[in-house]
Structure formats: C-alpha cells, structure tokens
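Visitor: build me a model:
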Amino acid sequence: MRIDQNPLFRKTIISWYDSEAVCIGVIVFMIIVFFFGVVGISVARENAQYHGYVWIAVLLVVMSGWVIFSTIIRLIKRHSRRYSK
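Guide: The predicted structure follows:
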C-alpha cells in the first residue's frame, strides 16, 4: 500500500510555547533586557567602583541579543515555509 502524497491534515501542530505570539513576546522582553544591559554598561563605566561588574551587563547584552537573533530566525523560517507552498 502506497503512502498518500497529499494527506488531508498537512498543517503541523506548533506547541503553545513556540507560537508566533509567544515568540514576539520573547523578542519584546529580550529587547527590554538588552537595553537594561546597555544602561548597565554605561552606568558601570561611569562609576569607578563598578568597573569590575561591567562583564555582567555585557553578558546580559550578548545573551539577550542571541535570543533575539535566534527567535527572529525561527520566525523567518516558519514564515518562509508557510508561504513557499
């Protein structure tokens, strides 16, 4: 028996935590964290007492930037798959 090449249910099921609304919410939250890290870098560089803690703010900026980048790539791939058919 051959496998049906044109199945009736072709739409993939996306988990709630990977939905478009949640991805946009994650991006918005990570943008807030990104700007918090940028402000932290500027404050830590202004005060001589906090120069040793700049790495924490830099870590926040890098990690939130990576999450924003990967989530945007995920959304782009999802939209390209959806509209390529």
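Visitor: pull out the buried residues from stretch 66-74.
Guide: Neighbour counts over stretch 66-74 (16 or more other Cβ atoms under 10 Å) mark Val67, Ile68, Thr71 as buried. The C-beta positions use only the backbone N, C-alpha and C, and glycine is treated the same way.
Visitor: please read the previous query as pertaining to stretch 26-38.
Guide: Val26, Ile27, Met30, Val33, Phe34, Gly37.
Visitor: how near is the fifth one to Lys77?
Guide: Taking Cβ to Cβ, to the nearest Å as the measure, Phe34 falls 22 Å from Lys77.
Visitor: same check, this time on Val61
Guide: Applying Cβ to Cβ to Val61 and Lys77 gives a distance of 25 Å.
Visitor: same question, Val38
Guide: With Cβ to Cβ as the criterion, Val38 and Lys77 are 28 Å apart.
Visitor: swap in Thr71?
Guide: From Thr71 over to Lys77 (counting by Cβ to Cβ), the distance is 11 Å.
Visitor: pLDDT below threshold where in the chain?
Guide: 1-13, 85 (pLDDT under 70).
Visitor: what's the closest non-adjacent residue to Val38?
Guide: Val61 (6.1 Å; Cβ to Cβ, 6 or more residues apart in numbering).
Visitor: please, which helix or strand holds that neighbour?
Guide: Per DSSP states H and E, Val61 falls inside helix 54-83.
Visitor: list the buried ones in that helix?
Guide: For helix 54-83, by 16+ other Cβ under 10 Å, it's Ala57, Leu60, Val61, Ser64, Val67, Ile68, Thr71.
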